[in-house]
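Trainee: no FASTA, just this:
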(Lines give C-alpha, C1' and ligand atoms only; values in the text may rest on other atoms or scores of the structure.)
Protein backbone atom coordinates (compact mmCIF):
# COMPACT_ATOMS: atom_id res chain seq x y z
CA UNK A 1 0.00 0.00 0.00
CA UNK A 2 1.36 3.40 -0.91
CA UNK A 3 1.51 6.37 1.44
CA UNK A 4 -1.43 8.75 0.91
CA UNK A 5 -0.61 12.33 -0.07
CA UNK A 6 -3.27 14.89 0.83
CA UNK A 7 -3.60 18.14 -1.10
CA UNK A 8 -4.76 21.11 0.94
CA UNK A 9 -4.82 24.34 -1.06
CA UNK A 10 -1.24 24.83 -2.30
CA UNK A 11 0.29 22.41 0.16
CA UNK A 12 0.71 18.66 0.28
CA UNK A 13 0.40 16.82 3.60
CA UNK A 14 1.89 13.43 4.31
CA UNK A 15 1.76 11.55 7.57
CA UNK A 16 3.96 8.46 7.80
CA UNK A 17 2.42 6.34 10.53
CA UNK A 18 4.01 2.94 10.09
CA UNK A 19 7.51 1.65 9.60
CA UNK A 20 7.97 1.67 5.84
CA UNK A 21 9.95 -0.77 3.75
CA UNK A 22 12.39 0.15 0.98
CA UNK A 23 9.90 -0.41 -1.83
CA UNK A 24 7.26 1.80 -0.20
CA UNK A 25 9.87 4.52 0.36
CA UNK A 26 10.88 4.56 -3.32
CA UNK A 27 7.23 4.50 -4.37
CA UNK A 28 6.56 7.43 -2.02
CA UNK A 29 9.44 9.39 -3.56
CA UNK A 30 7.97 8.92 -7.05
CA UNK A 31 4.42 9.65 -5.93
CA UNK A 32 5.37 12.86 -4.14
CA UNK A 33 7.40 14.29 -7.02
CA UNK A 34 4.61 13.34 -9.41
CA UNK A 35 2.01 15.04 -7.20
CA UNK A 36 4.13 18.20 -6.88
CA UNK A 37 4.33 18.29 -10.66
CA UNK A 38 0.60 17.72 -11.17
CA UNK A 39 -0.70 20.07 -8.47
CA UNK A 40 1.94 22.77 -8.61
CA UNK A 41 2.17 22.61 -4.82
CA UNK A 42 4.53 25.14 -3.27
CA UNK A 43 4.90 23.49 0.11
CA UNK A 44 5.02 19.99 1.58
CA UNK A 45 4.67 18.86 5.20
CA UNK A 46 5.97 15.38 6.00
CA UNK A 47 4.88 14.34 9.47
CA UNK A 48 7.02 11.66 11.14
CA UNK A 49 5.34 11.71 14.57
CA UNK A 50 4.55 8.00 14.48
CA UNK A 51 7.92 6.92 13.13
CA UNK A 52 9.99 5.56 15.99
CA UNK A 53 12.98 4.18 14.15
CA UNK A 54 14.45 4.84 10.76
CA UNK A 55 17.11 2.88 8.89
CA UNK A 56 19.89 4.22 6.70
CA UNK A 57 18.10 3.53 3.41
CA UNK A 58 14.86 5.26 4.41
CA UNK A 59 16.87 8.17 5.84
CA UNK A 60 18.68 8.58 2.53
CA UNK A 61 15.44 8.42 0.51
CA UNK A 62 13.95 11.03 2.82
CA UNK A 63 16.96 13.31 2.42
CA UNK A 64 16.83 12.83 -1.36
CA UNK A 65 13.12 13.52 -1.69
CA UNK A 66 13.54 16.78 0.20
CA UNK A 67 16.31 17.93 -2.14
CA UNK A 68 14.31 16.81 -5.18
CA UNK A 69 11.16 18.64 -4.02
CA UNK A 70 13.26 21.72 -3.46
CA UNK A 71 14.57 21.48 -7.03
CA UNK A 72 10.98 21.32 -8.24
CA UNK A 73 10.09 24.45 -6.31
CA UNK A 74 8.28 22.97 -3.33
CA UNK A 75 9.51 23.72 0.17
CA UNK A 76 9.49 20.77 2.58
CA UNK A 77 8.90 20.97 6.32
CA UNK A 78 9.57 17.86 8.41
CA UNK A 79 7.48 17.59 11.55
CA UNK A 80 7.37 15.35 14.60
CA UNK A 81 10.92 14.01 14.42
CA UNK A 82 11.37 11.75 17.44
CA UNK A 83 14.59 11.56 19.47
CA UNK A 84 15.71 8.18 18.07
CA UNK A 85 15.06 9.36 14.50
CA UNK A 86 17.03 12.58 15.07
CA UNK A 87 19.93 10.52 16.49
CA UNK A 88 19.90 8.14 13.50
CA UNK A 89 19.84 10.99 10.98
CA UNK A 90 22.83 12.72 12.53
CA UNK A 91 24.74 9.45 13.10
CA UNK A 92 24.30 8.71 9.40
CA UNK A 93 25.62 12.13 8.48
CA UNK A 94 22.29 13.28 7.06
CA UNK A 95 22.18 16.76 8.50
CA UNK A 96 19.24 18.13 6.56
CA UNK A 97 20.64 21.61 6.88
CA UNK A 98 18.30 23.18 4.38
CA UNK A 99 15.23 21.55 5.85
CA UNK A 100 12.73 23.38 7.98
CA UNK A 101 11.38 21.41 10.91
CA UNK A 102 8.49 21.88 13.30
CA UNK A 103 6.86 20.15 16.23
CA UNK A 104 3.67 18.94 14.59
CA UNK A 105 1.47 19.25 11.54
CA UNK A 106 -0.17 22.50 12.65
CA UNK A 107 3.20 24.13 13.37
CA UNK A 108 4.51 22.84 10.05
CA UNK A 109 1.66 24.48 8.17
CA UNK A 110 2.20 27.72 10.08
CA UNK A 111 5.88 27.60 9.12
CA UNK A 112 5.06 27.15 5.42
CA UNK A 113 2.46 29.89 5.61
CA UNK A 114 4.97 32.27 7.18
CA UNK A 115 7.57 31.56 4.51
CA UNK A 116 5.41 31.20 1.44
CA UNK A 117 2.05 32.81 2.11
CA UNK A 118 -0.98 30.91 0.82
CA UNK B 1 -0.27 -1.07 6.25
CA UNK B 2 -2.91 0.93 8.06
CA UNK B 3 -4.52 4.09 6.69
CA UNK B 4 -2.88 7.23 8.13
CA UNK B 5 -5.11 9.60 10.08
CA UNK B 6 -3.89 13.21 10.18
CA UNK B 7 -4.87 15.53 13.00
CA UNK B 8 -5.29 19.16 12.06
CA UNK B 9 -6.50 21.32 14.93
CA UNK B 10 -9.84 19.79 16.01
CA UNK B 11 -10.33 17.82 12.84
CA UNK B 12 -9.07 14.50 11.58
CA UNK B 13 -8.23 14.07 7.89
CA UNK B 14 -8.13 10.76 6.09
CA UNK B 15 -7.44 10.20 2.43
CA UNK B 16 -8.08 6.70 1.13
CA UNK B 17 -5.97 6.39 -1.99
CA UNK B 18 -5.87 2.68 -2.71
CA UNK B 19 -8.43 -0.09 -2.89
CA UNK B 20 -8.57 -1.41 0.66
CA UNK B 21 -9.13 -4.97 1.77
CA UNK B 22 -11.50 -6.08 4.53
CA UNK B 23 -8.80 -6.31 7.20
CA UNK B 24 -7.53 -2.80 6.48
CA UNK B 25 -11.10 -1.49 6.61
CA UNK B 26 -11.76 -2.99 10.05
CA UNK B 27 -8.38 -1.75 11.28
CA UNK B 28 -9.24 1.72 9.97
CA UNK B 29 -12.55 1.65 11.84
CA UNK B 30 -10.78 0.85 15.11
CA UNK B 31 -7.99 3.37 14.50
CA UNK B 32 -10.39 6.20 13.69
CA UNK B 33 -12.61 5.67 16.74
CA UNK B 34 -9.51 5.37 18.91
CA UNK B 35 -8.09 8.60 17.49
CA UNK B 36 -11.40 10.46 18.00
CA UNK B 37 -11.33 9.31 21.61
CA UNK B 38 -7.69 10.31 22.17
CA UNK B 39 -7.76 13.67 20.41
CA UNK B 40 -11.31 14.78 21.18
CA UNK B 41 -11.73 15.66 17.50
CA UNK B 42 -15.08 17.24 16.63
CA UNK B 43 -14.92 16.71 12.90
CA UNK B 44 -13.61 14.14 10.44
CA UNK B 45 -13.07 14.43 6.68
CA UNK B 46 -12.77 11.14 4.78
CA UNK B 47 -11.60 11.78 1.24
CA UNK B 48 -12.47 9.08 -1.30
CA UNK B 49 -11.24 10.89 -4.44
CA UNK B 50 -8.90 8.07 -5.41
CA UNK B 51 -11.36 5.25 -4.68
CA UNK B 52 -12.83 4.06 -7.96
CA UNK B 53 -14.77 1.04 -6.83
CA UNK B 54 -16.13 -0.08 -3.49
CA UNK B 55 -17.52 -3.47 -2.50
CA UNK B 56 -20.44 -4.20 -0.19
CA UNK B 57 -18.29 -4.98 2.85
CA UNK B 58 -16.22 -1.81 2.63
CA UNK B 59 -19.39 0.21 2.00
CA UNK B 60 -20.94 -1.23 5.16
CA UNK B 61 -17.82 -0.56 7.25
CA UNK B 62 -17.80 3.01 5.95
CA UNK B 63 -21.47 3.49 6.81
CA UNK B 64 -20.86 2.01 10.27
CA UNK B 65 -17.80 4.12 11.04
CA UNK B 66 -19.74 7.27 10.21
CA UNK B 67 -22.57 6.32 12.59
CA UNK B 68 -20.06 5.34 15.28
CA UNK B 69 -18.11 8.60 14.93
CA UNK B 70 -21.38 10.47 15.19
CA UNK B 71 -22.19 8.63 18.43
CA UNK B 72 -18.81 9.68 19.78
CA UNK B 73 -19.53 13.30 18.94
CA UNK B 74 -17.48 13.74 15.78
CA UNK B 75 -19.18 14.89 12.60
CA UNK B 76 -18.03 13.14 9.41
CA UNK B 77 -17.87 14.70 5.96
CA UNK B 78 -17.26 12.41 2.99
CA UNK B 79 -15.50 14.03 0.06
CA UNK B 80 -14.65 13.11 -3.51
CA UNK B 81 -17.23 10.35 -3.98
CA UNK B 82 -16.87 9.16 -7.56
CA UNK B 83 -19.83 8.19 -9.76
CA UNK B 84 -19.24 4.42 -9.52
CA UNK B 85 -18.92 4.62 -5.74
CA UNK B 86 -22.14 6.65 -5.44
CA UNK B 87 -23.95 4.09 -7.59
CA UNK B 88 -22.66 1.18 -5.48
CA UNK B 89 -23.66 2.86 -2.22
CA UNK B 90 -27.22 3.49 -3.38
CA UNK B 91 -27.53 0.06 -5.03
CA UNK B 92 -26.55 -1.49 -1.71
CA UNK B 93 -29.17 0.56 0.12
CA UNK B 94 -26.58 2.56 2.02
CA UNK B 95 -28.11 5.99 1.70
CA UNK B 96 -25.92 7.85 4.17
CA UNK B 97 -28.73 10.30 4.82
CA UNK B 98 -27.13 11.88 7.84
CA UNK B 99 -23.77 12.27 6.15
CA UNK B 100 -22.47 15.56 4.85
CA UNK B 101 -20.62 15.37 1.56
CA UNK B 102 -18.42 17.76 -0.36
CA UNK B 103 -16.42 17.88 -3.57
CA UNK B 104 -12.91 17.76 -2.16
CA UNK B 105 -10.83 18.05 0.99
CA UNK B 106 -10.88 21.86 1.01
CA UNK B 107 -14.66 21.98 0.60
CA UNK B 108 -15.03 19.32 3.28
CA UNK B 109 -13.04 21.39 5.76
CA UNK B 110 -15.08 24.48 4.89
CA UNK B 111 -18.27 22.49 5.52
CA UNK B 112 -17.06 21.34 8.94
CA UNK B 113 -15.93 24.85 9.79
CA UNK B 114 -19.34 26.25 8.84
CA UNK B 115 -21.16 23.71 10.97
CA UNK B 116 -18.84 23.42 13.94
CA UNK B 117 -16.55 26.44 14.02
CA UNK B 118 -12.91 25.73 14.86
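Mentor: Cool, the structure landed. Since the structure is predicted, the reported quantities are computational estimates derived from the model, not experimental observations.

Trainee: what about the helices in chain A?
Mentor: A:22-39, A:56-71, A:83-91, A:105-116 (DSSP state H).

Trainee: list the buried ones in the last one?
Mentor: Residues of helix A:105-116 classed as buried by neighbour count (16 or more other C-beta atoms under 10 Å in any protein chain shown): A:105, A:108-109, A:111-112. Any C-beta I mention is one placed from the backbone N, CA and C, and that applies to glycine too.

Trainee: run the chain-centre distance for it.
Mentor: The chain centroid and the centroid of helix A:105-116 are separated by 13 Å under C-alpha atoms, centre = their mean, to the nearest Å.

Trainee: might one say that residue A:2 is in contact with residue A:24?
Mentor: Yes: under the criterion of C-beta atoms under 8 Å, residue A:2 makes contact with residue A:24 at 6.8 Å.

Trainee: neighbour count winner among these two?
Mentor: residue A:24 (19 against 15; other C-beta atoms under 10 Å in any protein chain shown).

Trainee: please tell me how far the more buried one sits from residue A:1.
Mentor: According to C-beta to C-beta, to the nearest Å, residue A:24 and residue A:1 sit 8 Å apart.

Trainee: mutual contacts of these two, please.
Mentor: Shared between the contact lists of residue A:24 and residue A:1 (criterion: C-beta atoms under 8 Å, 6 or more residues apart in numbering or on different chains) are residues residue B:1.

Trainee: which one is residue A:100 nearest to, not counting chain neighbours?
Mentor: Nearest non-adjacent residue to residue A:100, counting by C-beta to C-beta, 6 or more residues apart in numbering or on different chains: residue A:77, 4.5 Å away.

Trainee: mind listing what that neighbour touches?
Mentor: A:43-46, A:99-102, A:108, A:111-112.

Trainee: same check, this time on residue A:46
Mentor: The neighbours of residue A:46, taking C-beta under 8 Å, 6+ apart as the test, are A:14, A:16, A:62, A:76-79.

Trainee: okay, the buried residues of helix A:105-116 in a markdown table with pLDDT and distance to residue A:37 next?
Mentor: Formatted as a markdown table, the buried residues of helix A:105-116 follow (pLDDT from 0 to 100; distance: C-beta to C-beta, whole Å):
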| residue | pLDDT | distance to residue A:37 |
| --- | --- | --- |
| A:105 | 93 | 23 |
| A:108 | 94 | 22 |
| A:109 | 94 | 22 |
| A:111 | 94 | 23 |
| A:112 | 93 | 19 |
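
Trainee: would TSV of these with distance to chain B be doable?
Mentor: Below are those laid out as TSV (distance: C-beta to the nearest C-beta, whole Å):
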residue	distance to chain B
A:105	6
A:108	10
A:109	8
A:111	14
A:112	13
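
Trainee: can you get me a residue count around residue A:83?
Mentor: By the criterion of other C-beta under 10 Å, residue A:83 has 8 neighbours.

Trainee: confidence score at it?
Mentor: Reported pLDDT at residue A:83 in the predicted model: 93.

Trainee: do residue A:91 as well
Mentor: For residue A:91, pLDDT reads 87.
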